[in-house]
Each structure stands twice: as C-alpha cells, then as structure tokens.
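Student: Give me a 3D structure for the following:
(2 chains)
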Amino acid sequence: MALTRNSKRTILAGFGLVAGGLVIALLVWIVYLDRIITAQFEGRRWTLPAQVFAEPLELYAGQSFGGDTLEQELKRLGYRRVDKAEEPGSYSRRGARVDLINRRFQFWDALQEPQLLSIVTRGNSIESMRNGRNEDVPIFRLDPLLIGSIFPIHGEDRVVVTPNEVSPLLPAALKVVEDRKFDSHNGVDFGAIARAAWVNLRAGAIEQGGSTLTQQLVKSYFLDNRRTLGRKLEEAMMAWLLEVHFDKPDLMNAYINEIYLGQDGNRAVHGFGLASQFYFGKPLAELQLHEVALLVAIVRGPSYYDPRRHEQRARARRDLVLKLMAQYKVVDERAAQEAAKRPLGIVNNATQAGSYYPAFLDLVRRTLRRDYREEDLTEAGLKIFSTLNPLIQSQAEKSLTLELERLDKVRKQKVDRKLEGVVVVTAPQNGEVIAMVGGRQASFDGFNRALDAKRSIGSLVKPVIYLAAVETGRYNAASIVEDGPVEVKLANGKVWTPQNISEEYYGQVPLVRALAQSLNLATVRLGMEVGLPKVTNEFVALGLERQPPQLPSVLLGSLDVSPLEVAQLYNAFANGGFSTPLRAVRAVVDAEGKPLKSFALEVTPVADPQAVYQVNRMLVQVMEHGSGQAARAQIPPEIVVAGKTGTSSDYRDSWFAGFSGNTLAVVWIGYDDNSPTGLTGSSGSLPVWSRLMRSIGTTSWNAPLPEGLEEKSIEFTTGLAANPGCGGENLVTIAVPAGTQLPAKSGCETSVFGELGERAREWWHRVIR
Amino acid sequence: MKSSQQRLVLLIVSALLGACAVPSPYQKPGPQPEQPSETPPAETRPGESPSTVEQPQPLPAPVVREPALGAASRALVGQAQTQVATKNYAVAASSIERAMRIEPDNPLLWIELGKVRLAEGNYQQAENMGRKAVSMSVNAPRAQSSAWRLIADSLRARGKNIEAQEAQARSDSLNPG
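Tutor: Numbers count the residues shown, from 1 in each chain, chains lettered A, B, ... in the order given. Okay, here's the model as predicted:
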C-alpha cells in the first residue's frame, strides 16, 4: 500500500515534473519566438530605405520637346491621360497643347506644389508655358522618376509607403478578400481556418487559405513556405505575439510594405508601393479602383495570377475582388461594375516602369558610403537626388544590347560565350554621370564593370601624350614625328620593339595624322621625346587617381583603368582643360525633407586650355580622317564630334571615348575572362557610341577658338601648309598658336598667310604690273 | 611709286590687323552662305576623295558676341540672387546649376555661380569659376571683364593683392566703360 502510494506519488511527481518542464519549454519557446518576431517587426517597421530619384525633367520655352516626346515623358512618370486635368499626376492633350497638373514634390531646394500648367508645343520644341492664372511660367520642374531604393537585403527592393500615402480602398479591400475578421481577431482566425479546410476538402485542392493578414505577414518575414504543422503553430504563435505587441494600423501598414507581389528578374517585388510602380508605373496613391483590385488579387499568388503572363486568370480574380468589395460595401455596386469593365492597365516592360539601374545605383551607393553609414542609407528614409537621365540611360542600354547582339551574330560566337560591354555617359561641363550601363544584362551581382573592371585602355592614352607634348610648346598638330622602327631599352636590359597595328611604317607624319590614325611608333617616339615623367604626370593632372608607372609600355596604353576613370580623364578634354569630379548625386535630404548634403559643382583648371583645344581639334580629325570615321555612318555630317579608339593587345579590349557639345560617352567591350575578342575599338565600341550619340540627338562640339590660337589648313598626310588653290590634297584644319610658321607645300608658300595673303599677292601682282 | 608705297603700308597694317583679329568659334566647315561661290562646299566625309577639302576660314572679323541669358536661365539666376541675399548659398548654387544644364556653354552662368561661391567664402572655387568663364568668353569682352573682376575679387579675398590687381587691370582694360 505504502509502496503503491509511493509509486503513485512518484508517478504524479514525474508527471508534474514533465508537465512543468513542458510548460517551461513552452514559455521559453514563446519568449524565444517573441524575441524573434518583435525584433523582426521593429526592424522592418523603422526601416525606410533611401529612395533614389532620377534627374527631374525641366520644362521651359525652347526646350526641345515636341508634343509626343512630352507625352512620352509624362507617361514614363506615370501621369495618366484624362479629358480634363484636375488631379495631380494627370494630363490632357489636344494636338500641340498639353495641360497637366504636377504632383506635389519636396525637392532638395524647394517644395513644388501641384499646379496647372498649359504647355503649347510647336514642332520639336516647347513654345509657351502658362499656369492656371494664365501667367507665363519661365521654367518648371516635374516630380522626378523614382529609380530605386537602397535596401540592405540583397535582391530586394521596395518603395516604402506611409499610411497617408495609401488609399483607404487598399486596406479595406485586403480585409474583405483576405481577412474579414482582421479588426477583431487575435492573430489567428479559427473560423476562417475551419471554413478554408472545408472548402479545400470539398474541392480536393487548396482553394482558400485561412491565414490572417498577420499570419501572412509573419510568413513573409521568414520567407518559409513549408506547410508543416510545427511551422503553422509557430506562425500562429508569432501572429498572436505580434497582435499582443502592436496596433492593428501598424500591422496593416507593415503588411502593405512587406508582402510579396511579384518577380522582376532577380528582383523580388515586395510591398504595394513598389508593386504599383512595377505593374502600373505610378505611385500607389494614384491608383484607381480597378488597379487597387488587381494588386489585391495578385496577393494570393503573384506567379499564378501574374497579369503579364496570365491575363485571363488575373482578370477573373480582379473582378472577384471587385465583387467582394461591392458585396461588403467597400465600394458601391455601380463603381465595382464600372471598374470591372476597365482593362488591367498594366504597363509593359518596354516602358521605364519598374526599370532597374543596378550599375548606376551601385555608383550612388558607393558615393554615399563615403559620408553615411550603411544603416543611414538603408533605414533612415533619406531621399537621394541623382543625376541619372532615364531617357539617355534607356538609349545607352539599347545601343549596347543591339550592337552586342549584332557582333555576336556576325562573329558566330558559341552560345555560351557572350561579349560584355559597358557604357558611361557624362555631361562634360558639370561632370554629372547621366547614364551607366554595367553589362548586357540588367541584373547585377556585386561586380560593377563600369567601376570595377580595370582593363588595359590601349590607344585611349594617346590624347594624354599629345596634350603633354603640345603643352611643352615644342609641338603642334603639324609637327613632324617619325613613324619608323622604335627600340626602347628597358630597365631590365631587354629591348622593347613596339609595332603598329598594321605592322607597317608610315615615315614622316604630322602629329594630327599620328593621333587620328593611332600610329603606335610615332606616338612612342613622341612620348619618349616629351619624357615619361611629364606624360605620367599629365594623367594625374587630368583626374586619374593613381600615377601610372613610368614605363614605356604606358605610351601604348598598357594601363589598367575602369570605364568610369576613362570618363573622368576624357571629361577634362571635353571640358576644355578643366577637371570636374564626376558626380552621380546632387543632393541628399532626410525623411522630413531637410537638406543634409549637396554635392556642389566644382571645377579646377588642370591643363592649358589652348593646348587642350589644339588636341581636341586633332580628336575631331580622328572622326573625320582617322580611326573614328565609321561613326559618320550614324552621326549626321554637320554634327562635330571628337573622340579616340582604343584596342588593347591581342584585341582583348575594345574601347571608344568621345564627346560632342553636350555629351561624353565611354564604351568598353570585351570578355569577362579577358580573352581576345578580335575586335578593335573601331569595330566594337565605336558603333555603340555612334548609335547612342545619334539616338539622343546630340549637339555639335563647338568650343570657341581660344584667343592666341589660329586655324591653319595643312595636308593630312604630309603636315605641309596648303590650300586647295595651290594643289593641296587631303586638307585638314588644325589650330596652332597664332603666328606659328608652318613649312608650306611647294607652290603654297604665300598662302601660309591665308586668304589675306592670297589677296595681298594678287594685289601686289597688280601693283607691280 | 609713292602710291604703291602707301599701298604697301596699307598691306602691312591690314596684315597686322588680321593677326590681331579675334577668331570665330570653331564650327564644322560646311556650306556657308557667306563663302564665295567658287569655293567648293567644304565638307568632310569618311573615305571620300581628297577633292572635298576644308577651307581655311575667311579672315575672321573681330565680331563681338556677348552672351545673353535665355528666359529660363534669367528666372533661375534671379531666384538665385534672392537666395544669396538670404545667405541660402546651397540653394542659390542649385538654382544656377539648373540653368547651367540648360545653357552649359554660357559664361555668364559660371560667373554667377562664382559669385555665389565668393559670397559664401569659397574663394578658390570662385576663382576657378572665373577662369572657366574666361576660357568660354571668347569674343565677349564684357563677359570676360566680369569674369576677371570675379577672379580679382576672389584673389583679393585671399590676400593675393598683386595678382588681384593684375586681374582687376585685365577686367578694366576689357571694359573701359
């Protein structure tokens, strides 16, 4: 008896112990889950990634925008066309007249309130611009395109919205479709689970989910789709814990910013803010009923209801959502029926909506990392005003893709070997990076070719050498240099014998020809005469961060430089001898719109403007008579452009760097593994460059001839002063210091004084006669 | 004989004048209406025969081409001047930079930006802006004079009085008015 009582007690104690242990384990588990979920929620709730905006569009009388271009730009910004513009973000068009109401926008330097703007275009430009009071508006800035966010989690991007940026329709629709008891349940809706189980059982498939919005939120935080019982329990517990800690509006807001709504290549589309951009190309606040309904429809299965791939399915579910909204009195019956008649309204991928600029955003991020901590960028809700021009960016992407496809086809490469390329575009006068393409695929995983691919730049070094030469005052474009066998004794005792690409010698050539035809031997001779220290210093002066080694091989471009660094170097030429640090960011403001930092325009004189001008005129001849001639197939003859080809040894890298009046572009093409491509700068990168320059309707390079210089006409081949009147052949115009006496072609002696000399000679003949 | 001597003097004078003449901005040689009709249209195309050749430009007359601001830039510069008055330098600079994106080659805007830098005490950049403006105002003595005055002011602010005087003298000589 005692024994049984004892054993009973033992069993009871054992039970008690086990039960106590279980309770403790349960409590530990709950505390553990609580820690995780609260940290996750708090972390996300206050995470406002920095938003990056493109350059805003400036409208002014004289701006080269026809009605169609203007409309296209408005569409890109997600403005909707209506019969009469009455709401921000809408416009109407009647022929040459466009009326629009801009969106409210906080710029770094001013707040732009919505106002009516009536724009009249004529031909290809804006003729006049008036506001609602019929006053002339000299200049107006439209709200800029949001081009991305800086988010810490790789491959994720979102446009975080605050509750006041969300139409009340959205939470209401989410509730009636996904979670009707949202306002009253404690995280789990057992009724809904039972109902869903019943429906699914009858259908024999999963037709309905019983998860509350809170449970879906938890699921999304941990991106775990396992449907195990343990997982479900954990999810339910976490949902309950969230409900204990946080208010319903907070949970709804988190849901709206968190939920997964689609896939854009490698980029997961999270949150309704980004989804609105991704599907409709406009901000969430501007969505209309049928669009809100579609997004709510997509929640259930972003891939199954993908409106781009399964239009019918998406439409059916959207209409179901509308029906439910009417049934539960979120909207009235008629509005729902009207909305159901509307098309889906999805923007196709070809427009800029949802475009992704990984290379450029990476540059922005690296720029800001110098001044901000990673957390500031990813959590503090900064607004970053960048220099990206979406129009030029899309042309740069298109030019590169089309030419690379053509090159792959022409050269019959194996499928698994694809050429890669980079395009960097800047505005030379202010050093703004206006476009950047980091490869043929928009996707991007950390290695940004435009910044990280340091490749041999070949003949792109030549203008720097010629500038160093002209700056000594001992050389001008007509100076003769010998293009013949060169032997340079190296420090290690070996002898370096460079060759021309053609493996020929060209003899006595003027500098302008040596540069235009990219003659290696003449250039090496010139560089050695000028001296390696002077040449390598010139690189640093023009903006290269590291001084190149003082080796003769540098004269032929055995120098590893990234495309962005090349752009910095050439920018100094395009900017007439002034260096401007390239910038991708104009200003940063905090979440409240207070300016934090602006990246002001800075200029520094780095080279003699006269010398730079003389070299630039030679670079014009590259395009007229030299290795850049093929560009004329694309660029109209009246547009003056200047540039230089570059080809590294064994044809591993194809380069072109050049500029017009308002644009500088650098193009690189090669293989990532640095194997030979068989392409020269002319056959690979130049066509990309020319196509881009043509497509953006670039302006002529028309820098004024500096005082102290004069123009001379010489023969391209011989460098002798000549003109057509005295039998000069293949003439080019160069710029030389005023008063420079050039040896003249025989029979052209007097004409070295130019036309005045000609006239004087005739006059003199008359006098002595 | 005497008359031909006079003519010789004339020739020399005109040649000298020619040498002093301010050249015109570089333009792509193309068919220009003012060119004598017997000269072939000067155009260069890749791969064409040497018969199409560029001409030395006709003796340039010292044409003065003072830059002027367009309406949009004028509005922005006006805005910037108000912003400078309230010591809102960053915003003022931003307004002028907007104008520069519309007219990047207008030296007047570089001078205006330099003035903002001067007002906020960034004398080095003020001087650099002035030098950039000088390099752009070929054939524009009034703009050049303003640019040199900006350079003089920024040098003076840094205590470089001798250089400042030289710059001021250049400014005065270009704009004796």
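Student: For residue B:119, give me its contacts.
Tutor: Residues in contact with residue B:119, defined by CB atoms under 8 Å, 6 or more residues apart in numbering or on different chains, are B:84, B:87, B:89. Where you see a C-beta, it was placed from the backbone N, CA and C, and this is true even at glycine.
Student: quick one: it and chain A, what's the gap?
Tutor: Distance of residue B:119 to chain A, computed by CB to the nearest CB, to the nearest Å: 13 Å.
Student: Narrow the contacts of residue B:119 to those that are buried.
Tutor: Applying a neighbour-count criterion of 16 or more other CB atoms under 10 Å in any protein chain shown, the buried members of the contacts of residue B:119 are B:84, B:89.
Student: Could I get the CA-only coordinates of stretch A:297-304 as PDB?
Tutor: Listed next in PDB are the C-alpha coordinates belonging to stretch A:297-304 (Å, rounded to 0.1, in the frame of the first residue of the first chain):
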ATOM      1  CA  ALA A 297      -5.900  39.900 -56.500                       C
ATOM      2  CA  ILE A 298      -2.200  39.300 -57.000                       C
ATOM      3  CA  VAL A 299      -1.500  38.800 -53.300                       C
ATOM      4  CA  ARG A 300      -3.000  35.300 -53.400                       C
ATOM      5  CA  GLY A 301      -0.400  34.000 -55.900                       C
ATOM      6  CA  PRO A 302       1.900  36.500 -57.600                       C
ATOM      7  CA  SER A 303       3.200  34.000 -60.100                       C
ATOM      8  CA  TYR A 304      -0.200  32.200 -60.600                       C
END
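Student: Give me the buried positions along that stretch.
Tutor: Buried residues in stretch A:297-304, counted by 16+ other CB under 10 Å: A:297-299, A:302.
Student: Also stretch A:88-107?
Tutor: Taking 16+ other CB under 10 Å as the basis for neighbour counts, the residues of stretch A:88-107 that come out buried are A:88-93, A:98-103, A:105, A:107.
Student: contacting residues around the helix or strand that contains residue A:257?
Tutor: When elements are assigned from DSSP states H and E, residue A:257 belongs to helix A:248-258. Under the criterion CB under 8 Å, 6+ apart, residues A:41, A:44-45, A:158, A:160-163, A:166, A:170-171, A:174, A:182-183, A:213-214, A:216-217, A:220-221, A:242-243, A:246, A:270-273 lie in contact with helix A:248-258.
Student: before we move on, the earlier item: so which of the buried residues of stretch A:297-304 is the closest to residue B:95?
Tutor: Within the buried residues of stretch A:297-304, the smallest distance to residue B:95 is 43.1 Å, found for residue A:298 (CB to CB).
Student: Tell me which residues touch that closest one, please.
Tutor: By CB under 8 Å, 6+ apart, the contact list for residue A:298 reads A:261-262, A:275, A:279, A:305-307, A:314.
Student: again, 10 Å this time
Tutor: A:259-262, A:269, A:272, A:275, A:279, A:304-307, A:314, A:317-318, A:321 (CB atoms under 10 Å, 6 or more residues apart in numbering or on different chains).
Student: Ok, residue A:693 next?
Tutor: A:395, A:399, A:425, A:631, A:634-635, A:639, A:641, A:643, A:658-660, A:663, A:665 are the contacts of residue A:693 under CB under 10 Å, 6+ apart.
Student: per-residue confidence for it?
Tutor: At residue A:693, the predicted lDDT confidence score is 96.
Student: would you turn the buried residues of stretch A:88-107 into a markdown table with distance to residue A:255, pLDDT and secondary structure?
Tutor: Rendered in a markdown table, the data for the buried residues of stretch A:88-107 read as follows (distance: CB to CB, whole Å; pLDDT from 0 to 100; DSSP: H, G, I helix; E, B strand; the rest coil):
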| residue | distance to residue A:255 | pLDDT | secondary structure |
| --- | --- | --- | --- |
| A:88 | 26 | 92 | coil |
| A:89 | 25 | 92 | coil |
| A:90 | 29 | 94 | strand |
| A:91 | 33 | 96 | strand |
| A:92 | 36 | 96 | strand |
| A:93 | 38 | 95 | strand |
| A:98 | 38 | 96 | strand |
| A:99 | 38 | 97 | strand |
| A:100 | 34 | 97 | strand |
| A:101 | 31 | 96 | strand |
| A:102 | 31 | 96 | coil |
| A:103 | 25 | 93 | coil |
| A:105 | 27 | 93 | strand |
| A:107 | 31 | 93 | coil |
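Student: List the ones among the contacts of residue A:693 that fall in strands.
Tutor: Helix and strand membership here follows DSSP state E; of the contacts of residue A:693, those in strands are A:425, A:643, A:658-659, A:665.
Student: before we move on, back to that, could you identify the buried members of the contacts of residue A:298?
Tutor: Applying a neighbour-count criterion of 16+ other CB under 10 Å, the buried members of those are A:259-262, A:269, A:272, A:275, A:279, A:305-307, A:314, A:317-318, A:321.
Student: picking that back up, closest to residue A:228 out of the contacts of residue B:119?
Tutor: For those, the closest approach to residue A:228 (CB to CB) belongs to residue B:89, at 62.4 Å.
Student: tell me which element residue B:80 falls in.
Tutor: helix B:71-85.
Student: Check which helices and strands the next helix-or-strand element following that helix sits against.
Tutor: Elements were assigned by DSSP H and E; along the chain past helix B:71-85, the next helix or strand is helix B:89-102. The contact analysis (3 or more CB pairs under 10 Å, 6 or more residues apart in numbering or on different chains; DSSP states H and E) places helix B:89-102 against strand A:58-60, strand A:139-141, strand A:432-437, strand A:585-589, strand A:595-598, helix B:71-85, helix B:107-119.
Student: List the pairing partners of the second one within its sheet, with orientation.
Tutor: Here strand A:139-141 has these sheet partners by DSSP bridges: strand A:58-60 (antiparallel).
Student: which residues are in contact with the strand it pairs with?
Tutor: Contacts to strand A:58-60, defined as CB under 10 Å, 6+ apart, come from residues A:65, A:70, A:73, A:98, A:100, A:102, A:117, A:119, A:125-126, A:129, A:137-142, B:70-73, B:75-76, B:98-99, B:101-102.
Student: Enumerate every residue touching residue A:171.
Tutor: With contacts defined as CB under 10 Å, 6+ apart, residue A:171 is in contact with A:163, A:182, A:213, A:248-249, A:252-253, A:255-256, A:296, A:330.
Student: which of these has the most neighbours?
Tutor: The residue in the contacts of residue A:171 with the most neighbours, by other CB atoms under 10 Å in any protein chain shown, is residue A:296 (28 neighbours).
Student: out of everything not next to it in sequence, what's closest to that one?
Tutor: The shortest distance from residue A:296 to any residue that is not its chain neighbour, by CB to CB, 6 or more residues apart in numbering or on different chains, is 4.5 Å, and that residue is residue A:173.
Student: And residue A:680, by the same measure?
Tutor: The shortest distance from residue A:680 to any non-neighbouring residue, by CB to CB, 6+ apart, is to residue A:647 (4.4 Å).
Student: For that neighbour, list the residues it contacts.
Tutor: Residue A:647 makes contacts with A:456-460, A:501, A:518, A:557, A:627, A:653-656, A:677, A:679-685, as judged by CB under 10 Å, 6+ apart.
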